[in-house]
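> any chance you could fold what I've pasted below:
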Amino acid sequence: MVLSLYHTYLFPFILVSSMLIQTTNSLRVAVLGSGIAGSAAARTLAERGVEVVVFEAGFGIGGRTSTRVTRDDFRYQFDHGAQYIGSPKTDAFQECLEEWKAVGFVKEWNGNFASVVGYNVELETEKKDRWVGFPRMNSICRHLVHHRNARVKLQTRANASRTNEGWSLTDSKTKKDLGTFDWLVASDRNSGSHFRRDLAEGNVEEFTSEIRNIKSVKSLVAMVVFEKPLDLKLDGVQFTGKDSQYGSLGWVARDSSKPGRERKDGQECWVLQSHPDAANEFLKGKRKIGEIREMAREVLVGDFLKSLPLLAESEQIDIPSVVFSVGHRWGAAFPILSQEYQGVNCQLIASEKFVACGDYFGKLSGRIEGAYLSGQAAANEIIQMNKELLR
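You can find the predicted model right below:
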């Protein structure tokens, strides 16, 4: 039986209507994308009294911190993107994380972790910080955009064009008017890609021409549910991608071991992520998304099942039945660090009232922390440019 999936969320929201009314003394900002960077930008602006609308093309908020949940009675859930937040590298994000922990939508993930080199399963001896959204990974972004001055419109890919009145947005599918805004924040770098029309009429070639040079690490993911818990004393395992006995595996996690993901029916959810090298090899010449997802499911689940005796260091491990599995592809999972973007946290084009942000900016490229700091920096650029209005 095939079960449909959707991105679920934590807080109740008032979704904006297709027509947004401009107020006389309020700065209005549109944000493309609801991942960490976009949500951080939205929250920072909303706290300064700016009216913010976040446009998200997906079913739910979170970007790569989204949570997949089956739309059935079992309600299987998976953190199929970002797995956890590690130790903060900056004081600013440390302060932010402490606030999130105090509010209670981020909790520590305690478990047994290991890395595998050859046939050696090396248990983690020195405890490392691992923080996850509670009760789901997307709780972080849900919290950030949960503000009286912020609104979210889901399943809406907005095309933006620059006019004399400001940024005019229309729904890419229905062509309905989504409103006019004073500033535009692009938090999804794919908005500037050749195959998207988001900014085709935005007059921001300075952004789109450069963004297309960023290379990304691809990732295949499988989400699998076992009838009962695996007899494996590990909750997360990192692979080198160089040992053929583990096939395509790069990382596996017992999702049910994370806070808020515990199940009462005895079943167990796992997330399997490919090594980047394996993903690149498998994706060569493949374009059909259905074919790719099925391949991800078959390959990753198969490799994981084969690796279990090695991970358990016992041929006698009892492997329970698989009751559900599905594949996913992240086409641009992690940006490859670029020297050009390493020295800045966002890109401001003041003449067009446009700011770009995302996890490809700054020295913490590819990390949740880097994405958050970039979104915050983008918002602060807008605030600085409008300091008289926002006093």
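> point to the residue nearest the middle of the protein.
Arg64 (1.3 Å; C-alpha atoms, centre = their mean).
> and the gap between that residue and Cys96?
Separation of Arg64 from Cys96 (C-beta to C-beta, to the nearest Å): 18 Å. (Each C-beta comes from the backbone N, C-alpha and C, glycine too.)
> can you pull the contacts of Pro229?
Taking C-beta atoms under 8 Å, 6 or more residues apart in numbering, we find Pro229 in contact with 256, 266, 268, 320.
> name the SS class of the first one, please.
Right, Ser256. helix (DSSP: H, G, I helix; E, B strand; the rest coil).
> pull the number of nearby residues for the nearest residue to the residue nearest to the centre of the chain once chain neighbours are set aside.
By the measure of C-beta to C-beta, 6 or more residues apart in numbering, the closest residue to Arg64 outside its immediate chain neighbours is Gly81, 3.7 Å from it. Here the number of neighbours of Gly81 (other C-beta atoms under 10 Å) works out to 22.
> show me where the stretch 251-391 of the chain has strands.
Applying DSSP state E, counting those that start in this stretch to the stretch 251-391 of the chain gives strands spanning 268-274, 322-335, 347-349, 354-356.
> could you tell me the least trusted of the ones you listed?
For the strands of the stretch 251-391 of the chain, the weakest mean pLDDT is recorded on strand 322-335, namely a mean of 87.
> partner strands of it and their direction?
strand 216-226 (antiparallel) (DSSP bridges).
> format the CA atom coordinates belonging to the partner strand as PDB.
C-alpha atoms of strand 216-226 as PDB (Å, rounded to 0.1, in the frame of the first residue of the first chain):
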ATOM      1  CA  SER A 216      25.700  21.800  -4.400                       C
ATOM      2  CA  VAL A 217      26.000  18.400  -2.800                       C
ATOM      3  CA  LYS A 218      23.100  16.100  -3.700                       C
ATOM      4  CA  SER A 219      21.600  13.700  -1.300                       C
ATOM      5  CA  LEU A 220      19.300  10.700  -1.600                       C
ATOM      6  CA  VAL A 221      17.100   9.800   1.400                       C
ATOM      7  CA  ALA A 222      15.100   6.800   2.400                       C
ATOM      8  CA  MET A 223      12.600   6.700   5.300                       C
ATOM      9  CA  VAL A 224      11.900   3.300   6.700                       C
ATOM     10  CA  VAL A 225       9.700   1.800   9.400                       C
ATOM     11  CA  PHE A 226      10.400  -1.500  11.100                       C
END
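> circling back to that earlier point, which of the contacts of Pro229 are buried?
256, 268 (16 or more other C-beta atoms under 10 Å).
> need the contacts of Pro229 in TSV with distance to Ser351, can you?
Listed next are the contacts of Pro229 as TSV, based on distance: C-beta to C-beta, whole Å:
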residue	distance to Ser351
Ser256	51
Gly266	60
Glu268	54
Pro320	60
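> which one among the contacts of Pro229 gets closest to Lys353?
Distance ranking of these against Lys353, using C-beta to C-beta, places Ser256 first at 45.8 Å.
> how close does the closest one get to Asp171?
Counting by C-beta to C-beta, the gap from Ser256 to Asp171 is 38 Å.
> got it, and Ala42?
Distance, Ala42 to Asp171, using C-beta to C-beta: 19 Å.
> of those two, which one has the most company?
Ala42 (31 against 17).
> distance of that one relative to Lys387?
Ala42 is 19 Å from Lys387, where distance means C-beta to C-beta.
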